[in-house]
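Q: Model the following, please.
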Amino acid sequence: MLQELTTARLRLRALTVDDARDLAALHGDPRVMRHLDDGRPVPPEEIRDRTLPAMLARYRELPEGLGHRAAVARDGGAFLGWFEFGPVSSAGLHGGRNVVELGYRLFPSVWGRGLATEGARALVDHGFATLGVERVVATTMSVNAASRRVMEKTGLVWVRTFFVDWPEPLPGAEQGEVEYALTREEWERDRAGRRPGPQGHAPTAGAER
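A: Sure, this is the predicted structure:
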C-alpha cells in the first residue's frame, strides 16, 4: 500500500473503491478532459467498472510507492482529484529503469490555487529522496499552458516538442506535445536553492493550478 504523503493543504493517499463517485465526477467534467485522451467526458460506468479497478490493481503490480494517489483536502477531507507517479505510459515518451512519469487531474473548482504544484512537488521530492528515482518526466499538449506552468513550477524543464499520430486529434494537436523532465542532479541543486533562508522561509509557488 502507498505511504500517505501530506503537504500544507493536501493529503495524498491511495485510491479506494469508495472514491468511485468522485472519480467519475472528475473524469466526467469536460473542462478536465479538454486536453486529455479523446477530449470527451468518460461515462460513470466506465470509471466504476474499468478505470478505478485498473488503478487499484496497479498497487499490486508496481514497485512500492508508485501508482495513483487521491488528492484530498487536509481541511475537511474533500476529494480534489488525483496525482499519478509511476512507470512511463504516455505515447511518445521513453521510459527506463528508475524513470517515472508525473501526472495530475484536479477539479476546476480548485484550479488557480497552486495545489497541483504543491502535490507534484511532494511526489517529486518523495521520489528522489525515498524511492530511488533518477528521472521524472511529464507530457502535455503544447497548447495546455496551465499544465505546462505546473511542470515548470515543480522544477521540470522543457526537453522537446514532438508529434503523435492520434486517431482522433484534439484541437491544438497540430502544435504537438511537449515533454518536460527533471533529473536527480537537477533536483538536488533545486532543493538546495529552496532551503529556508535566514528568516526561515522558503520560496513558494505562484497561484497557478
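
Q: Does anything pack onto whichever strand or helix holds residue 53? Which helices or strands?
A: Per DSSP states H and E, residue 53 falls inside helix 52-61. For helix 52-61, the packing partners by 3 or more Cβ pairs under 8 Å, 6 or more residues apart in numbering; DSSP states H and E come out as strand 67-73. Quick note: C-beta positions are derived from backbone N, CA and C, even for glycine.

Q: Taking helix 52-61 as reference, get the angle to the next helix or strand after the strand it packs on.
A: With elements assigned by DSSP H and E, the helix or strand that comes after strand 67-73 is strand 79-86. Relative orientation of strand 79-86 versus helix 52-61 (axes from the mean of the first three to the mean of the last three Cα atoms, to 10 degrees): 40 degrees.

Q: Could you list every helix and strand in contact with strand 79-86?
A: Using 3+ Cβ pairs under 8 Å, 6+ apart: strand 79-86 touches helix 20-27, strand 67-73, strand 99-106, helix 115-129.

Q: related to what we said a few turns ago, mind listing what's buried in the helix holding residue 53?
A: By neighbour count with 16 or more other Cβ atoms under 10 Å, helix 52-61 contains the buried residues 52, 55-56, 58.

Q: would you turn those into JSON lines with distance to residue 78 and pLDDT?
A: Formatted as JSON lines, the buried residues of helix 52-61 follow (distance: Cβ to Cβ, whole Å; pLDDT from 0 to 100):
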{"residue": "52", "distance to residue 78": "18", "pLDDT": "97"}
{"residue": "55", "distance to residue 78": "19", "pLDDT": "96"}
{"residue": "56", "distance to residue 78": "21", "pLDDT": "96"}
{"residue": "58", "distance to residue 78": "24", "pLDDT": "94"}
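
Q: Of the helices and strands packed on strand 79-86, which is nearest residue 165?
A: The closest of these to residue 165 is strand 99-106. By Cβ to Cβ, the value is 20.4 Å.

Q: Can you list the low-confidence ranges for the protein?
A: Across the chain, the ranges flagged by pLDDT under 70 are 1, 194-209.

Q: okay, now residue 41: neighbour count?
A: 17 (other Cβ atoms under 10 Å).

Q: surely it meets residue 34?
A: No. The criterion here is Cβ atoms under 8 Å, and residue 41 misses it with residue 34 at 9.9 Å.
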